[in-house]
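[1] Curious how this folds, go ahead:
(2 chains)
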Amino acid sequence: MSESDFIRAVISASRTGQNYPFAWISGRNLLKLARTHGLDPLSAQQLTLRNGISLERYLRNYSSMTLKMQLALACSRILIVGAGGLGGYVLELLVRTGVGTCLVADGDVFEESNLNRQILGSMDHLGTSKQKAALERVRRINPFTRLELCSGFLESSDLPDTLMRVDLVLDCLGGTDFRKNLLLAAQKHGRALITGFVAGKTGLACTVYPGDKDPAAFWPDGREQSAEDLLGNLATIVCMIAAIQAQEAINVLSGQKPQLRNKVFLADLDTFAFQMLKL
Amino acid sequence: MRVQVSCFASLSGFTPPDGRMELDTGSTPRDIIRKLGISENDVKIIFVNGQNAHADARLSDNDRVGLFPAIGGG
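    Residues are numbered from 1 along each chain as shown, chains lettered A, B, ... in the order given. Have a look, this model is predicted:
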């Protein structure tokens, strides 16, 4: 069966309503049609959006996101480095919004001390891989997103090949020197990177394109003590900074203007101060 | 002159009452760090009026100074 047969079937299974200037199809129906026509869910989603039909799951993205933006998102590929505090929420938000392909890199397993803030973790996941939990979660919340797992923690030698497979990098690492390697490699390979970093009730986020100023001066060097070692990390600020990273990713991937280039967004939940700092 | 000082994250306890400090003309962020009793090694990055600044930058009346420790959690 051809793509045009598939689209005809999608049109026939789609619905219309007063509030939306396009038709839409339910996820269940689209999955069924994808199976019948030998398509994987992501390709089926992309074809559907390309033909001006939305998915019911994205109706409430409209009109903040147009169908064109939704298609751009569905065709995008991102790398999320770290599937802990920031990474779990970033994944959740971007998968729900409709990012097409996510590569996730994290070689860690869940410990009980992660459960205060890491949305992918649960009592059932203790001792199990964060990447596997990501896969399980994504399958449950959006089967039209393709999730690809890296072999564990990324090494510097993995970066060239991994970066060439994606449009955008989300730095969701915590307490590691690898942030700097990732930033340098992203710049070298022409990839934009959105970073988030938190301590206690303070969090910051920044977008770095090749040649931009970067926020590495905030990050600890080597064995230097970092504020989160003293203050811990609260779920509230982790979730907030992840939301900023996710929205900025949507801006970049859907062709909107990124807001955090050469700037750092600062949120301080001690004082409820929010600022844009210039690098 | 009077400046507004905010210390963030693990330095937040050093923020002066009402966030304000009286300083001599020509004072710098380094003077603020010393006056507040913060170890210079604990200040990773400084902003003056929302702009990344050097510890020896000359401050003006009503400037806003932000002091940050190293932050890298996720």
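[2] Now do the same contact list for A:C150.
    A:103-106, A:131, A:158, A:162 (Cβ atoms under 8 Å, 6 or more residues apart in numbering or on different chains). (C-beta placed from N, C-alpha, C; glycine too.)
[3] swap in A:A72?
    Contacts of A:A72 were listed using Cβ under 8 Å, 6+ apart, and they are A:253-255.
[4] Those, buried ones only, as a ChimeraX selection?
    For the buried members of those, the matching ChimeraX selection, counting by 16 or more other Cβ atoms under 10 Å in any protein chain shown, is:
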select /A:253,254
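[5] which of the contacts of A:A72 lies closest to B:S27?
    Nearest to B:S27 among the contacts of A:A72: A:L253, at 45.5 Å, using Cβ to Cβ.
[6] Are any of the contacts of A:C150 buried, and if so which?
    Buried subset of the contacts of A:C150 (neighbour count, 16+ other Cβ under 10 Å): A:103-106, A:131, A:162.
[7] which non-adjacent residue is nearest residue 16?
    Assuming you mean chain A. Closest residue in space to A:T16, ignoring its immediate chain neighbours: A:A23 at 4.8 Å, by Cβ to Cβ, 6 or more residues apart in numbering or on different chains.
[8] Hmm, no, I was thinking of chain B.
    Using Cβ to Cβ, 6+ apart and skipping residues adjacent in sequence, the residue nearest B:P16 is B:V5, 5.7 Å away.
[9] A helix includes that neighbour, no?
    No. Counting by DSSP: H, G, I helix; E, B strand; the rest coil, B:V5 is not part of a helix but strand.
[10] what's around it, how many residues?
    B:V5 has 22 neighbouring residues, counting by other Cβ atoms under 10 Å in any protein chain shown.
[11] And A:R15, how far from A:L126?
    43 Å (Cβ to Cβ, to the nearest Å).
[12] Buried residues, the one helix or strand A:L49 maps to. List them.
    Here A:L49 sits within helix A:41-50, counting by DSSP states H and E. Across helix A:41-50, burial judged by 16+ other Cβ under 10 Å covers A:41-49.
[13] Quick one: list the elements packing against that helix.
    Counting contacts by 3 or more Cβ pairs under 8 Å, 6 or more residues apart in numbering or on different chains; DSSP states H and E, helix A:41-50 packs against helix A:3-13, helix A:27-36, strand A:53-55, helix A:67-74.
[14] what's the most buried one of those?
    Highest mean neighbour count of the helices and strands packed on helix A:41-50: strand A:53-55, a mean of 23 (counted as mean count of other Cβ atoms under 10 Å in any protein chain shown).
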